[in-house]
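Q: The sequence and its predicted three-dimensional model are supplied below.
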Amino acid sequence: MRQSSVAAIVVACVFSVALARADETCMSPYMAKIVGQEDFVYVWTLGVVGVGDEQDKLVTIDVNPKSKSYGTVVATVSVGGRNEAHHTGLTDDRRFLWASGLDTSRIFIFDVATDPAKPKLVKTIDDFVKDSGGVVGPHTNYALAGRMMLTGLSNNKDHGGRTALVEYTNDGDYVATHWMPTKDNLQGAVKTGQFADGYGYDVRAQPRLNALVTSSFTGWNNYMMNLGKLMADPAAMKNFGNTVVVWDLHTRQPKKIFDVPGAPLEIRCAWGANHNYCFTATALAPKIWLIYLDDAGQWQAKAVADIGDASKIPLPVDISLSADDSLLWVDTWNDGLVHLFDVSNPHAPKQVFEQKIGEQLNMVSESWDGKRLYFTSSLLANWDKTAPTGPDLQFFKLYHWDGKTLTPAFSIDFLAAKLGTPHQMRFGAYALYGEKPPAQVSQN
Amino acid sequence: MRCGVVAALLFAAATGSTADVATAPVVLAPGYFDLEYPAPTPGTYALPPLRVAADGELLDERGAPHHLYDYYGDRIVLLSFIYTTCSDVNGCPLASFVLKKVQDRALAEADLRDRLRIVSVSFDPAHDTPAALGAYADRVRAPGFQWTFLTGRSEAAIQPLLDRYDQAVFRDETGAISHILRVMLIDRQRRVRNIYSVSFLHPDTVLADVRTLMIEDDKGTP
């Protein structure tokens, strides 16, 4: 009998991953997982005036230590302008990478399957605002079954924070808009606290529990404003999200709105069979929050740990939950630190490690085995630091984690390399598509 | 064992795998168990059209040519792309398990039986000849329910259909197949209304969606 060429398939995805054994742990559960050595990291990079071609671009970095080009940029694809490049996401079959721009609301779709070493821009969605009925600032590109769920950050009426989820087919055809519940239109959701702000940021699913969880940041008016000017504007500083919403995944109907004050950003849901919870971190009030199903089967939210010294405004940004749900990496942008929390008891996380990575630190992606951590530096074009200049300002860095120490492997200075400023990372591997790296092929 | 979406646990259905993978526990998909949450109430939610369901020429179990559209329009359709030698427990066997449950329910509920059809299309025509598909059909199809099995004339002939349904299928250098499991719900207007992957394919939710489309049809909703 012919056997499926499955070296490692993750329950949530039924997608064969021949001899591919690694991937970041924070992807959609609908997606194939690489649980071994990734071949590439795709870095969605902001164009910077005076740096290289000044355009946003997808940068492909070879990260397979067996490759001759290990540690180097092997491809770049510029997209013809600056869009406030921010987040990316792979379709559930991992053939396409969606990369969105917060300013122009354009979405760029790259083919990463035909040649994983050389992504190709195959489609650009220019009508996101029109198609969605006024949503602005596509942020998270999250794979669901045969489709992509995008979060918005803003709207075209007042460019504030009220926004929606927007659904597309994998082909890039618009499907539906699901507006965030507000105090004026709860859409049947239960408002559990003070806020129902209608803001958006990230989205993650817990299919087993039929749950979709969204967080909230701020609108175009704020995220495109100079950070110093923003922080000096008390009125503008009031316009940040304070909510997490739990939705019915199947029906796309909001169910419960929780107060999570201080701009809850990235959401990471646990993988374990009986782990009925997700984490998020609030940027402006540096805390880890737990969104969890209680013993009565009701969703709840509570702050479970402080992150850094709040008086120094550490600004928690990206988080990464280990594959076994025991560890949570937390980047704090302002001080450039990565914090590691033991979250084996999700109700009482304990910080067990801390290390400075750079002058500023935004995204973190870890391999499935937790042994490799990739970091990038850029937050937003108008918020990023510009000094002190040097290799620790705008970087892509790989570290190895042995359970006790983070050891640097290699670093790429994105400004010196005339690439721009690096943001979201996604992993690629030949084995996802039944292929072997060229070098391995030639050896056989 | 009750399980859910547990990405940390890996299937052992592997060839050439290393020891830790080979010994990893097999975690069955949610579709094999009772739903952990109440199924949605039919007619209380929307299933926005995803795309026009594509047509294509295929062969039935007797080798006779048919258009896929021959099976669309008069009934709601559940379309599944399969290959009969798939040994991944959470691949085609999951689809067959769930669709057999759907079939059982339809046979017990006359309105479902009369308004629903399952169409399973093989993307491995070299092995899944009409005769082989017929033998497979005999093992899963119950009398009195419309479950059609179709195959292509060749891999090349069926590839455009797979592309139009966004059905990824890969073959490695040995010819071994890997694919992403997808079952699609197609309305009487020949539109794809939902797509189910392994963590989402469950008879209770599928039937809730089928009944939602039936309610639409009864209301004359376009």
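A: Arrived safely, thanks for sending.

Q: Identify the bridge partners of the residue of chain B at minimum distance from chain A.
A: Residue of chain B nearest chain A, by Cβ to the nearest Cβ: residue B:178 (2.6 Å). In short, each C-beta sits where N, CA and C put it, glycine included. Counting by DSSP bridges, residue B:178 forms beta bridges with residue B:170.

Q: Which pLDDT value goes with it?
A: Predicted confidence (pLDDT) for residue B:178: 82.

Q: My read is that it contacts residue B:170, right?
A: Yes - Residue B:178 is within contact range of residue B:170, at 4.9 Å (criterion: Cβ atoms under 8 Å).

Q: show me where pLDDT drops low in the stretch 301-444 of chain A?
A: For the stretch 301-444 of chain A, applying pLDDT under 70 flags the ranges A:439-444.

Q: Around chain B, pick out the residues from it.
A: Proximity of the stretch 301-444 of chain A to chain B, by Cβ under 8 Å from any Cβ of the partner chain, involves residues A:323-325, A:433-436.

Q: try 10 Å
A: A:322-325, A:368, A:431-436, A:441, A:444 (Cβ under 10 Å from any Cβ of the partner chain).

Q: Please apply the same query to the stretch 151-300 of chain A.
A: Going by Cβ under 10 Å from any Cβ, the residues of the stretch 151-300 of chain A near chain B are A:167-171, A:173-178, A:205-211, A:248-253, A:269-276, A:297.

Q: Apply 7 Å and report the result again.
A: Applying Cβ under 7 Å from any Cβ of the partner chain, we find that the stretch 151-300 of chain A lies next to chain B at A:169-171, A:173, A:175-176, A:207-210, A:250-251, A:253, A:271-273.

Q: how about stretch A:76-94: buried residues?
A: A:76-79, A:82-94 (16 or more other Cβ atoms under 10 Å in any protein chain shown).

Q: Run the chain-centre distance for it.
A: When distances are taken as Cα atoms, centre = their mean, to the nearest Å, stretch A:76-94 is centred 12 Å away from the chain's centroid.

Q: taking the buried residues of stretch A:76-94 one by one, which sit in strands?
A: A:76-78, A:85-90 (DSSP state E).

Q: what sits against residue B:214?
A: Residue B:214 is in contact with B:76, B:115, counting by Cβ atoms under 7 Å, 6 or more residues apart in numbering or on different chains.

Q: name the element residue B:148 belongs to?
A: Assigned by DSSP states H and E, residue B:148 belongs to strand B:147-150.

Q: ok, now residue A:258?
A: Applying DSSP H and E, one finds residue A:258 within strand A:253-259.

Q: Identify the residue nearest residue B:69 in space, chain neighbours excluded?
A: Nearest residue to residue B:69, sequence neighbours excluded (Cβ to Cβ, 6 or more residues apart in numbering or on different chains): residue B:55, at 4.4 Å.

Q: coming back round to it: wait, the residue of chain B closest to chain A touches residue A:434, no?
A: Yes - at 6.3 Å, residue B:178 and residue A:434 qualify as touching, with contact defined as Cβ atoms under 7 Å.

Q: Could you check which of those two is surrounded by more residues?
A: Legend: neighbour count by other Cβ atoms under 10 Å in any protein chain shown for residue B:178 and residue A:434, higher for residue B:178 (26 against 22).

Q: quick one: the helices in chain B?
A: Along chain B, the stretches classed as helices by DSSP state H are B:19-22, B:92-108, B:110-115, B:130-140, B:155-164, B:203-219.

Q: Please identify which residue in the stretch 301-444 of chain A comes closest to chain B.
A: residue A:434 (3.7 Å).

Q: Check the burial of residue A:293 by counting its neighbours.
A: 17.

Q: residues in contact with it?
A: A:209, A:276-277, A:299.

Q: Geometric centre of chain B: which residue is closest?
A: residue B:80 (2.6 Å; Cα atoms, centre = their mean).

Q: Between the two ends of stretch A:390-409, what distance do you get?
A: In stretch A:390-409, first residue to last residue: 18 Å (Cα to Cα, to the nearest Å).

Q: Also stretch A:335-352?
A: End-to-end for stretch A:335-352, by Cα to Cα: 18 Å.

Q: same question, stretch A:85-98
A: For stretch A:85-98, the end-to-end distance is 11 Å (Cα to Cα).

Q: chain center to that stretch, what's the gap?
A: For stretch A:85-98, the distance to the chain centre is 11 Å (Cα atoms, centre = their mean).

Q: what about it, near chain B?
A: Yes - on the criterion Cβ under 7 Å from any Cβ, stretch A:85-98 is in touch with chain B at A:92-93, A:95.

Q: For the residues you listed, give me JSON lines that also has pLDDT.
A: Putting the residues of stretch A:85-98 next to chain B into JSON lines (pLDDT from 0 to 100) gives the following:
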{"residue": "A:92", "pLDDT": "92"}
{"residue": "A:93", "pLDDT": "91"}
{"residue": "A:95", "pLDDT": "95"}
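
Q: Tell me, how many residues neighbour the residue lying closest to residue B:184 once chain neighbours are set aside?
A: Leaving aside its chain neighbours, residue B:184 sits nearest to residue B:79 (4.6 Å; criterion: Cβ to Cβ, 6+ apart). Neighbour count of residue B:79, defined by other Cβ under 10 Å: 24.

Q: And residue A:39, by the same measure?
A: 26.

Q: Ok, residue A:113 next?
A: With neighbours defined by other Cβ under 10 Å, the count for residue A:113 comes to 22.

Q: show me what contacts it?
A: A:94-95, A:433.

Q: Can you give me the pLDDT of residue B:124?
A: 93.

Q: Correction: the previous question concerned residue B:27.
A: At residue B:27, the model reports a pLDDT of 74.

Q: State the distance from it to residue A:272.
A: Distance, residue B:27 to residue A:272, using Cβ to Cβ, to the nearest Å: 11 Å.

Q: Identify the residues contacting the residue nearest to residue A:83 when sequence neighbours are not counted.
A: Spatial nearest neighbour of residue A:83, chain neighbours left out: residue A:101 (2.5 Å); criterion: Cβ to Cβ, 6+ apart. Neighbouring residues of residue A:101 by Cβ under 7 Å, 6+ apart: A:56, A:83-85.

Q: Out of these, give me the two with the largest separation.
A: Spanning the widest gap among the contacts of residue A:101 are A:56 and A:84, at 8.1 Å by Cβ to Cβ.

Q: which neighbours do those two share?
A: In contact with both residue A:56 and residue A:84: A:46, A:101, using Cβ under 7 Å, 6+ apart.

Q: Residue B:27 and residue A:272: who's more crowded?
A: The neighbour comparison of residue B:27 against residue A:272 (other Cβ under 10 Å) goes to residue B:27, with 23 against 17.

Q: In terms of pLDDT, where does residue B:3 sit?
A: The model reports residue B:3 with a pLDDT of 28.

Q: ok, now residue A:232?
A: 96.

Q: try the one 5 residues further on
A: Looking at residue A:237, its pLDDT stands at 97.

Q: and it, how many neighbours?
A: 13.

Q: Quick check on it: phi, psi?
A: Dihedral angles phi and psi of residue A:237 (degrees, to the nearest 10) take the values phi -70, psi -10.

Q: ranges for the helices of the stretch 1-150 of chain A?
A: A:128-132 (DSSP state H, counting those that start in this stretch).

Q: okay, and for it, where does confidence drop off?
A: Low-confidence segments of the stretch 1-150 of chain A (pLDDT under 70): A:1-27.

Q: per-residue confidence averaged over the helix or strand containing residue A:281?
A: Assigning secondary structure by DSSP H and E places residue A:281 in strand A:277-282. In this model, strand A:277-282 has a mean pLDDT of 98.

Q: which strands and helices sit next to that strand?
A: strand A:264-269, strand A:287-293, strand A:316-321 (3 or more Cβ pairs under 7 Å, 6 or more residues apart in numbering or on different chains; DSSP states H and E).
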